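A.B. asks: Generate a structure from the sequence data that follows.
(one chain, ligands or ions: 1)
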Amino acid sequence: MTLEPFGARLRRAMDTRGPLCVGIDPHASLLAAWGLDDDPAGLERFCRTVVEALADRVAVLKPQSAFFERFGSRGIAVLERTVADARAAGALVLMDAKRGDIGSTMAAYAATYLDPASPLFSDAVTVSPYLGYGSLRPAVDLARACGTGIFALALTSNPEGAEVQRATGADGSTVAATVLGHLREENAGEQPLGSFGAVVGATLGATVAEAGIDLDTGGPLLAPGIGAQGATPADLPAVFGSALRNVLPSVSRDVLRHGPDAAALRAAADRIADEVRAVVTS
Ligand SMILES: O=c1ccn([C@@H]2O[C@H](COP(=O)(O)O)[C@@H](O)[C@H]2O)c(=O)[nH]1
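C.D. replies: You can find the predicted model right below:
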């Protein structure tokens, strides 16, 4: 099965539903705050609530695989159902698994998340290019063949990321700029939006522009860090400059803390989506 390219589907979802990705991060503390047990049944209730409240209105839902993996096979079963339910309700699903390995193993990761025949099939997956961008080739090729996408870690939202991502190579370019350059090549000619995205934290302020790093890759820019990590929608123009229209801000805890009430979850997501839209279109 080949879908319409991920970038085109994402562009439409962002334009019609608003440019927002809500993360499904079932922290133990959130399960407790929602009155749920820290077990697979609590995990399932949590995810069903989020999907029922948000999958018919936000552009993208992003399950954080780590919070499911910690429950073993029963957690993965919940993850499979969560992805399928969210997609059935109309949201695009970005699996946040940050996979990266040598090419032959990367091919198995790609089949896990990007092949429509897989139980964990998602519209896109986060990947790590830090075994060398070329190691991601199997994921890029499968995504292109199936109409799915990837988001490669370029400039992450955590302060520790700079040590690796801002290091300079022999040609004087930062590692992040090199990753972004590869993504630009993948997206060349793709309209209205490429399918090969980058992760760039909303927390980075003016440091990206100051370093002269070009964020315009022709693909989407996933921007985590709003809310619990301290960034706000008002910070986005300084980070992204002329690439702002392709930014997909991602918020997990700052939406999820409003649950388990579905109306409160919806109101939180709507409020942030409105704030982002106002910033992007101003
Ligand atoms: O650079 C990155 C890449 C990924 N993340 C992930 O996004 C969410 C953020 O959660 P919040 O509760 O909104 O802080 C989480 O799943 C991270 O693993 C990121 O934060 N930064």
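A.B. asks: interface residues of the stretch 1-150 of the chain facing the ligand?
C.D. replies: 23, 25, 64, 96 (CB under 6 Å from any ligand atom). Bear in mind the C-beta positions are built from the backbone N, C-alpha and C, glycine included.
A.B. asks: how does it look with 8 Å?
C.D. replies: 23, 25, 62, 64, 66, 96, 98, 126 (CB under 8 Å from any ligand atom).
A.B. asks: Residue of the stretch 101-250 of the chain nearest the ligand, please.
C.D. replies: In the stretch 101-250 of the chain, the residue found nearest to the ligand is Thr156; the distance is 3.1 Å by CB to the nearest ligand atom.
A.B. asks: OK, contacts around the nearest residue to that residue once chain neighbours are set aside?
C.D. replies: Of all residues not flanking Thr156 in the chain, Gly201 sits nearest, at 5.6 Å (CB to CB, 6 or more residues apart in numbering). Taking CB atoms under 8 Å, 6 or more residues apart in numbering, we find Gly201 in contact with 155-158, 161, 223-225, 229, 231, 239.
A.B. asks: Among the residues you listed, which lie within helices?
C.D. replies: Val239 (DSSP state H).
A.B. asks: Is there a quick ChimeraX command that grabs whichever of the contacts of Gly201 are buried?
C.D. replies: Applying 16 or more other CB atoms under 10 Å to the contacts of Gly201, the buried members can be selected in ChimeraX as follows:
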select :155,156,157,161,223,224,225,229,231,239
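A.B. asks: From the contacts of Gly201, pick the one nearest Ala117.
C.D. replies: Pro224 (29.3 Å; CB to CB).
A.B. asks: The closest one and Leu30: what is the separation?
C.D. replies: 17 Å (CB to CB, to the nearest Å).
A.B. asks: hmm, who's touching the host helix or strand of Asp96?
C.D. replies: Using DSSP states H and E, Asp96 sits in strand 92-99. With contacts defined as CB under 8 Å, 6+ apart, strand 92-99 is touched by 6, 9-10, 13, 21, 23, 59-65, 83, 86-87, 106, 109, 113, 120, 122-128, 139, 151, 153, 222.
A.B. asks: if you set the cut-off to 6 Å instead, what comes out?
C.D. replies: 13, 60-62, 64-65, 83, 86-87, 109, 113, 122-128 (CB atoms under 6 Å, 6 or more residues apart in numbering).
A.B. asks: so where does Gly181 fall, helix or strand?
C.D. replies: Assigned by DSSP H and E, Gly181 falls in helix 175-187.
A.B. asks: Report the mean per-residue pLDDT for that helix.
C.D. replies: Across helix 175-187, pLDDT averages out at 98.
A.B. asks: and if you look at stretch 107-127?
C.D. replies: 98.
A.B. asks: ends of that stretch, how far apart?
C.D. replies: 12 Å (CA to CA, to the nearest Å).
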